[in-house]
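J.: sequence first, predicted coordinates after that:
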Amino acid sequence: MKTTVIKIFALAVTSCAMNACDYLNVSDELSGGIKDINEAFSTVAGTKGWYSQCYAGILNSSDMINTGDPGAMGNVWAAYTDELYTHQAFLTGKYMGWNSENTRASRWPGLYERIRQCNIFLEMAQPLEENLVSSIVRLTEADIIRYKANVRFMRAAYYFWLMEQFGPVPLITVSENKDDDLDLPRNSLDEIIEFIDTEIVAAMPDMALEPYHADADANMRAVPTKGAALALRAKLWVYAASPLYNGGGSEALSPANQAYINQTLALVNNDGKRLFPDYDASKLQKAVTCCKDLIDYAEDGLRYELYKNAGVFDAARTVYELFQSYNREIIWAHSNHSWGSVGSQQFEAMVTPIAEANTGQGLILLQELVDDFYCADGLPIRATSFLPKSPTYTENGFGMLSGNEIYFPNTTPPGNFEVFNMYVNREPRFYNTVTFSGKRWHISGREVQFYRGGTSNLNDNGSALTGYLLYKRASRNVLLGGTTSQFKPVIIFRLAEFYLLYAEALNEVDPGNPDVLKYVNLVRERAGLPRLEDLNPAIAGDKAMQREAIRRESRVELATEGQRYFDTRRWLIAGNAVGQGGQGGEFTGMNSSQGKILFHTRTKFRDRTFMTKNYLYPIPKYDMQRTMVLKQNPGWD
């Protein structure tokens, strides 16, 4: 094996961006003074350093602005779906037709570098003992067993994140080098799923078996545990059972979706090997089992539980605090964040009105997400297949909103104040997610004004062009000229998501099982909403109604956390009309070109394009031009 090492993460990514490197490229540059792999693994420090780099591709949901390939492991996905608009995504062409030469946010090059890093570690790491000047340092057999288990898990996670974006991909489990044949075909989707599953199961017994909840273990919380492994396995099989990855599912498809699924089923390698599977109902039961394994593990000894605030329950406070510090709902998180400060061009600035920070306000919510939050009575603003319209909702005129509806951690809530009636009597997650015109800012108490002539309307790309900014996960303790930043964890997995995944899979297998509504209702009740069957008794056991309720709950509970983009695709609803999961068509907002009264009018904001080929990402054109064996995803050149 050649002894040339790949660069460390930052340098490798920069090189790929500048030189359009092949997805299995091995750099000739040396890193950190290391001349070969043997040198890297001959010391405790070198081995630990390599081990740490195996985590370098971890998801970072706080990075919502970066639209380059590094952003693929961030959260550009909220802006690429029916949640957000960003000027960066607009400039890179993501809202109109684009091609495989201008992919942006592709996980292909970066994750294959991370996978090779993992492969090398698994081949080379071994116990060590060094006599230094003042001490003896060791990596014991037990240390190496734990490290290798964690690296196997990370490699499995990287393959899952590749599968999520591309479907079937080449499976590489050894450290390929320049002397090897690097032109490798895609493995079948079932082979990828089975590999990920097998790796998780094999790694799990040697990973940490308990969560790192104790404060003394705070520096270990990015390290995956058995809980993270169970969660990844559950999510893997829910994906495997979803229509996009499972032959279109068991339900009738639209003509466009059926034509696309037929294209995937016809996709074969040069040797005739099929890459996508026919529908397999057994995958749904597998998904149910794996989700329940995680939930049973979580509920045993309360390893994990839905977060609720201390003292008297307050839904508004709870849904805010959930994201502000480490808590027992979090299954896996890390601290390598991009939250930034109010004065930066990162998250905290991008969610702050210009009048409060003199910068930013670039994470702009779409009206379609605003509309999907429930009213305070638990009912939607429009009738759905599973719930009637809330009688409290109106879009006529203005009403009074109590400051107590929004949690103010450090200041006395303002009294009643006037806002457009669209924003009155909405649920706590609405107020935790949406900054709207008329809202009072949490520190200054000033009115947010996005209308023409208002304090936070610039009538250009620095404006909240739809009349909304993202508020969810913003710290309510930071301000320009004071405390400008505050640490909070970057969450990868949290329990509420897996309650909803369990309900989703179980509903398809056994819709009459009371667990379906039980676990959806646990999420709703934590948000201060009544149970679904209390609002519509007919929903219990009705597969179609429960399916739509679960999808709506996922839309709201996980809003802007990076999941919606992939959900609309795996459910095959991205081709629907806008407002029904559709990702192409006319998106709307308020009329930011008008004054306060006329501002509150639903107005066309931007058109977006969605074609069925967008269900999966293309393999980058650069790699397709160099291959004799890779087959491109349907619809891409």
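T.: Arrived safely. Residues are numbered from 1 along each chain as shown.

J.: in the protein, which residue is closest to the centre?
T.: Here the mean C-alpha position of the chain is nearest to the C-alpha of residue 562 (C-alpha atoms, centre = their mean), at a distance of 2.5 Å.

J.: how about the nearest residue to that residue, chain neighbours excluded?
T.: Distance criterion C-beta to C-beta, 6 or more residues apart in numbering; nearest residue to residue 562, sequence neighbours excluded, is residue 75 at 4.4 Å. From N, CA and C alone the C-beta is placed, and that goes for glycine too.

J.: hang on, that neighbour packs against residue 63?
T.: Yes: using C-beta atoms under 8 Å, residue 75 is in contact with residue 63, at 6.0 Å.

J.: who's more crowded, these two?
T.: residue 75 (27 against 23; other C-beta atoms under 10 Å).

J.: follow-up on the earlier one: next, the contact list for the residue nearest to residue 562, please.
T.: Shown in contact with residue 75 (C-beta atoms under 8 Å, 6 or more residues apart in numbering): 60-64, 560-562.

J.: give me the helix or strand of this protein that scores worst on average pLDDT.
T.: Least confident helix or strand of the chain, by mean pLDDT, DSSP states H and E, is helix 9-19 with a mean of 31.

J.: can you list the low-confidence ranges for the stretch 51-200 of the chain?
T.: For the stretch 51-200 of the chain, applying pLDDT under 70 flags the ranges 67-70, 178-179.

J.: strands along that one, start to end?
T.: 84-85, 128-131, 136-139 (DSSP state E, counting those that start in this stretch).

J.: quick one: the shortest one to chain centroid distance?
T.: Going by C-alpha atoms, centre = their mean, to the nearest Å, the spacing between the C-alpha centre of strand 84-85 and its chain's C-alpha centre is 15 Å.

J.: for stretch 209-220, buried residues please.
T.: 211-213 (16 or more other C-beta atoms under 10 Å).

J.: just the closest of those to residue 596, please.
T.: Closest to residue 596 out of the buried residues of stretch 209-220 is residue 213 (48.0 Å), distances taken as C-beta to C-beta.

J.: so what's that closest one scoring on pLDDT?
T.: Per-residue confidence at residue 213 stands at 93 (pLDDT).

J.: show the contacting residues for it.
T.: residue 328.

J.: now with 6 Å?
T.: Listed by C-beta atoms under 6 Å, 6 or more residues apart in numbering, the contact set of residue 213 is empty.

J.: wasn't it part of a helix?
T.: No: applying DSSP: H, G, I helix; E, B strand; the rest coil, one finds residue 213 to be coil, outside a helix.

J.: and the gap between it and residue 227?
T.: Going from residue 213 to residue 227 by C-beta to C-beta, to the nearest Å gives 10 Å.

J.: please apply the same query to residue 476.
T.: From residue 476 to residue 227 the distance is 29 Å (C-beta to C-beta).

J.: out of these two, which sits in the busier spot?
T.: Per other C-beta under 10 Å, whichever of residue 476 and residue 227 has more neighbours is residue 227, with 25 against 19.

J.: pull out the buried positions in the longest helix seen in the chain.
T.: Counting residues, the longest helix found in the chain (DSSP state H) is helix 141-166. By 16+ other C-beta under 10 Å, the buried positions in helix 141-166 come out as 143-144, 146-166.

J.: for the helix or strand encompassing residue 500, name the packing helices and strands.
T.: Using DSSP states H and E, residue 500 sits in helix 495-509. Helices and strands touching helix 495-509, by 3 or more C-beta pairs under 6 Å, 6 or more residues apart in numbering; DSSP states H and E, are helix 226-241, helix 282-299, helix 515-526, helix 543-557.

J.: pick the most deeply packed of these.
T.: For the helices and strands packed on helix 495-509, average neighbour numbers computed from mean count of other C-beta atoms under 10 Å are highest in helix 226-241, which has a mean of 25.

J.: what packs against that helix?
T.: Short answer (3+ C-beta pairs under 6 Å, 6+ apart): helix 226-241 packs on helix 141-166, helix 189-203, helix 282-299, strand 330-334, helix 495-509.

J.: same list, those, but as JSON lines with distance to residue 444 please.
T.: Compiled in JSON lines, the helices and strands packed on helix 226-241 are given as follows (distance: least, C-beta to C-beta, whole Å):
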{"stretch": "helix 141-166", "distance to residue 444": "40"}
{"stretch": "helix 189-203", "distance to residue 444": "48"}
{"stretch": "helix 282-299", "distance to residue 444": "40"}
{"stretch": "strand 330-334", "distance to residue 444": "30"}
{"stretch": "helix 495-509", "distance to residue 444": "31"}
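
J.: to residue 52, which of these lies closest?
T.: helix 141-166 (10.1 Å).

J.: what's the angle between that closest one and strand 330-334?
T.: Here helix 141-166 runs at an angle of 90 degrees relative to strand 330-334 (axes from the mean of the first three to the mean of the last three C-alpha atoms, to 10 degrees).

J.: now helix 141-166, how far from the chain's geometric center?
T.: Taking mean C-alpha positions (C-alpha atoms, centre = their mean), helix 141-166 and its chain are 18 Å apart.

J.: now the angle from it to helix 226-241?
T.: Using the same axes, to 10 degrees: helix 141-166 against helix 226-241 is 30 degrees.

J.: the chain should start at 44 in everything you say after this.
T.: I'll keep to 44 as the first residue from here, and by that count the last item is helix 184-209.

J.: what packs against helix 184-209?
T.: By 3+ C-beta pairs under 6 Å, 6+ apart, helix 184-209 packs against helix 151-167, helix 232-246, helix 269-284.
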